[in-house]
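Colleague: output the structure for:
(one chain, ligands or ions: 1)
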Amino acid sequence: MSFFERSASSPLANQLLEIINRKQSNLCVSVDFTHSDTLLQLVDAVGPHVCMIKTHIDIICDFDINLVHSLSSLSRKHDFLIFEDRKFADIGNTVSLQYSSGAHKIASWSHLTNAHALPGDGIVHGLKKVGLPLNRGLLLLAQMSSAGSLADSSYTQATLDMARRHSDFVIGFIAQQRLGTLDEGFLILTPGVGLDVKGDGMGQQYRTPDEVVDAGTDVIIVGRGVTGNEHSVDYIKSAEQALRYKKAGWDAIRRVHHV
Ligand code: 5BU
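Modeller: Reported below is the predicted structural model:
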């Protein structure tokens, strides 16, 4: 089944595949900035080139609910999905509150979020209860990009099995390679992607778009390789880098999927 003809597990996953095809971009930019104004300006600059924007909303110093309203407007303006990289990791009852409530009200604006499988199926039940009625989707963390990750192959396999039990809500995985899931409709999103450096001195490990797409990735997640450092942000340069990664990701998809 070709990447372009694939049909995914849910309407949200299909929406993402449609955006990827329409914009010819499998690039998700991770905007790990701490101030609302720089975050929004960066998203506006790279928005035309991405299928998705990934946030860490809890690092914003001046958070106000208007920020997520502006982010939602930009997602409509530029045609991308929003993925809050919250990495939920608690019991079902707690994560349902963390997802729906608090200052950030993640479920109200984020199309996708993610969770560790570690607590067991209850974590998916808790998130699904909140997210499914809002047409949200979940990614399970099957593998991480960081050196020394404890997610071994049996943990990854158990995560895949958990996703199969909840395929109405789980649309895919954060992983470093395809997990044998192409014909099950699950999507693979991969962080730890960079063209110029191999690491960040704090455990992050980078592979190129070619390497991760060869390994079976659908969506490449790039942070600092596109955004640079918030303190010396250059929006024009970030837009150029987004275009560079978009092209690298799309060329790799076309090569691997023979189109
Ligand atoms: P970078 O600047 O490209 O290194 O940023 C990578 C982003 O992806 C950053 O927001 C991390 O929190 C996130 N990430 C990751 O790097 N590796 C993982 O395994 C997971 C998330 Br899960």
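Colleague: what ranges does the chain have for its helices?
Modeller: In the chain, the helices defined using DSSP state H lie at 11-23, 36-46, 65-78, 92-100, 122-131, 153-165, 209-214, 224-227, 235-256.
Colleague: buried residues, the third one. List them.
Modeller: In terms of neighbour count (16 or more other Cβ atoms under 10 Å), helix 65-78 has its buried residues at L67, V68, S70, L71, L74, S75, H78. All C-beta spots, glycine's among them, are computed from the backbone N, C-alpha and C.
Colleague: equivalent analysis for the last one, please.
Modeller: If you call a residue buried by 16+ other Cβ under 10 Å, then helix 235-256 has these buried ones: 238-239, 241-246, 248-250, 252-253.
Colleague: again with the first one
Modeller: By neighbour count, with 16+ other Cβ under 10 Å as the criterion, the buried positions of helix 11-23 are L12, A13, Q15, L16, L17, I19, I20, K23.
Colleague: tell me who's in contact with the residue in the chain positioned nearest to the ligand.
Modeller: Across the chain, the shortest distance to the ligand (Cβ to the nearest ligand atom) belongs to G223, at 2.5 Å. By Cβ atoms under 8 Å, 6 or more residues apart in numbering, the contact list for G223 reads V29, S30, V31, D32, K54, P191.
Colleague: hmm, the last one is touching S145, no?
Modeller: Spelled out, it's P191. Yes - under the criterion of Cβ atoms under 8 Å, P191 makes contact with S145 at 5.1 Å.
Colleague: okay, the two: which has more neighbours?
Modeller: A count of neighbours by other Cβ atoms under 10 Å puts P191 above the other of P191 and S145, at 24 against 19.
Colleague: just list whatever residues bridge to the nearest residue to the more buried one once chain neighbours are set aside.
Modeller: Distance criterion Cβ to Cβ, 6 or more residues apart in numbering; nearest residue to P191, sequence neighbours excluded, is I221 at 4.0 Å. Note on I221: beta-bridge partners by DSSP bridges are C28.
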